[in-house]
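Trainee: no FASTA, just this:
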Ligand code: HEC
């Protein structure tokens, strides 16, 4: 309990963007419904880089659990849903929140929270908490995923 409080204090003192003791880098105020509409830290995403992150073993490695027909990745998992038309199903804001912290949409999901410091109360000692992906990488993925659609929307 004490270490959890200490970590929460460190969090508030050292990282202004880190607002709650669950170890999230985002605040509830950024979330409307099941979406986070504003790009994180105002970053501009690039779809071509997002496609690489989606496949890369050392970064996102989303293909471990998801398939996308247009991807050339050899092994694509099926633990998560097929994302071929996910840009038709979900808005950029809905996609963003699902990548940032799916637990906020569906508690208990096996989909990792990519922009959240896990178990923050344990990092007080080494102060080494980092999200799995950076804000830029999240935005690159959002740009990529919004393009996975059948219908072409007017820009
Ligand atoms: C360990 C497996 C796993 C990994 C790795 C994973 N996901 Fe998921 N993902 C899931 C599961 C399972 C769901 C379904 C969520 C649920 O209903 O619990 C999901 C749901 C989604 C959805 C919503 C799909 C829809 O139709 O509603 C998106 C978008 C998504 N994932 C994108 C990604 C991206 C991008 C990455 C890589 C950064 C990724 N996922 C990595 C398992 C995973």
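Mentor: Nice, I can see it. From a predicted model like this one, the values you see are computed outputs, not experimental measurements.

Trainee: interface residues of this structure facing the ligand?
Mentor: Taking CB under 6 Å from any ligand atom as the contact definition, the chain meets the ligand at 54, 60, 62, 64-66, 79-81, 83, 86, 89-90, 95, 98-99, 106, 109-112, 114, 141, 145. (Glycine included, C-beta is placed from N, CA and C.)

Trainee: just the helices in this protein please.
Mentor: All helices of the chain, identified by DSSP state H, fall at 2-14, 47-55, 86-89, 92-101, 135-146.

Trainee: could you check the angle helix 135-146 makes with the second one?
Mentor: Comparing the axes of helix 47-55 and helix 135-146 via axes from the mean of the first three to the mean of the last three CA atoms, to 10 degrees yields an angle of 100 degrees.

Trainee: Pull the residues that contact helix 47-55.
Mentor: Contacts to helix 47-55, defined as CB atoms under 8 Å, 6 or more residues apart in numbering, come from residues 59-63, 68, 71, 73, 133, 137, 140-147.

Trainee: unless I'm mixing things up, residue 115 is touching residue 97, no?
Mentor: No: with contacts counted by CB atoms under 8 Å, residue 115 stays clear of residue 97, the gap being 9.7 Å.

Trainee: neighbour-wise, which of those two wins?
Mentor: The neighbour count for residue 115 versus residue 97, taken as other CB atoms under 10 Å, is higher for residue 97 (24 against 21).

Trainee: and the more buried one, what is it in contact with?
Mentor: Counting by CB under 8 Å, 6+ apart, the residues that residue 97 touches are 31, 34-36, 104-105.

Trainee: Same check on residue 76?
Mentor: Contacts of residue 76 by CB under 8 Å, 6+ apart are 63, 66-68.

Trainee: With pLDDT and neighbour count added, can I get these in TSV?
Mentor: Compiled in TSV, the contacts of residue 76 are given as follows (pLDDT from 0 to 100; neighbours: other CB atoms under 10 Å):
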residue	pLDDT	neighbour count
63	96	20
66	98	22
67	97	17
68	97	21
